[in-house]
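*Asks:* sequence and computational prediction follow.
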Amino acid sequence: MNARLLPWTAIALLVLALSVHSALTTTVVAVPAGPETAGSGTEIRLGPVDVRELHDDGSWNRLDADGAVYAYENKTVSAEGVTVFLGEGSPFAGTTVHTPRAAWDLDGKTIALPVGCRVARKGGWTGELSAATLDLAGSVLRVPGPARIEGPGVTVQGKSLAWEWAEGKITMESTTSRLSPVKRPGRKG
């Protein structure tokens, strides 16, 4: 069994135990509504979740959500009210993604952000992005459509964004930019 599935298996067993207990004691257990999934098969519906992908170097990626559905056969987590923390525990930590909906493919190591997202990076970089994909294995956020990013003194709009958070590199096509003066201490005017 894949070690990444162990926590999910434990949760599935807990849900099964609670279901059996509920059936035997005729106690009603409220299950929060989670996001809809497109697939069929076994699903585990969860309330607030905290999913972590641990790496050998001690770093990890984390997905927090208000509600989620784990599709067992597809090995995906579909979630609503999502915040993703990238590269925590490593030198390139500090990138956070907020989105209303996301789908994490645990085998493919990607997180689909179908309705776009807001991204923030320490150092003052932010972005308003259309539908995007987080490639966790490659440490890159890809946005094939329109994107807008802002940093200290600069705003850039374009399409086909690739934000490589581990390398601190951002590339984009068809860009337009605006430079703003940056206020520095001790400077007047």
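*Replies:* In hand now; what should we look at? Numbering: from 1, shown residues only.

*Asks:* could I get the full set of helices for this protein?
*Replies:* For the chain, applying DSSP state H gives helices covering 6-25.

*Asks:* where exactly do the strands run in it?
*Replies:* For the chain, the strands defined by DSSP state E occupy 43-46, 49-54, 60-71, 76-88, 95-105, 110-113, 117-121, 125-129, 132-135, 140-151, 154-164, 169-179.

*Asks:* need those in TSV with mean pLDDT, distance to Pro7 and mean neighbour count, can you?
*Replies:* All C-beta spots, glycine's among them, are computed from the backbone N, C-alpha and C. Output for the strands of the chain, formatted as TSV (pLDDT from 0 to 100; distance: least, Cβ to Cβ, whole Å; neighbours: other Cβ atoms under 10 Å):
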stretch	mean pLDDT	distance to Pro7	mean neighbour count
strand 43-46	88	11	17
strand 49-54	84	8	16
strand 60-71	89	10	21
strand 76-88	89	11	22
strand 95-105	92	13	21
strand 110-113	92	17	23
strand 117-121	90	25	20
strand 125-129	89	29	18
strand 132-135	92	20	21
strand 140-151	90	25	19
strand 154-164	89	29	18
strand 169-179	82	33	12
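
*Asks:* need those in a markdown table with distance to Trp8, can you?
*Replies:* As requested, the strands of the chain are exported to a markdown table (distance: least, Cβ to Cβ, whole Å):
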| stretch | distance to Trp8 |
| --- | --- |
| strand 43-46 | 7 |
| strand 49-54 | 9 |
| strand 60-71 | 6 |
| strand 76-88 | 9 |
| strand 95-105 | 12 |
| strand 110-113 | 16 |
| strand 117-121 | 24 |
| strand 125-129 | 29 |
| strand 132-135 | 20 |
| strand 140-151 | 25 |
| strand 154-164 | 29 |
| strand 169-179 | 33 |
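
*Asks:* end-to-end on stretch 122-141?
*Replies:* This stretch, stretch 122-141, spans 16 Å end to end (Cα to Cα, to the nearest Å).

*Asks:* tell me which residue is most central in the protein.
*Replies:* For the chain, the residue nearest the mean C-alpha position is Val84 (3.5 Å; Cα atoms, centre = their mean).

*Asks:* hey, what's the closest residue to it other than its chain neighbours bridged with?
*Replies:* Distances taken as Cβ to Cβ, 6 or more residues apart in numbering place Val97 nearest to Val84, at 4.2 Å, with adjacent residues excluded. Going by DSSP bridges, Val97 is paired in beta bridges with Val84, Val119.

*Asks:* pretty sure Val97 is in contact with Ala65, am I right?
*Replies:* No: applying Cβ atoms under 8 Å, one finds Val97 not in contact with Ala65, separated by 11.9 Å.

*Asks:* between these two, which contacts overlap?
*Replies:* Residues touching both Val97 and Ala65 by Cβ atoms under 8 Å, 6 or more residues apart in numbering: 82-83.
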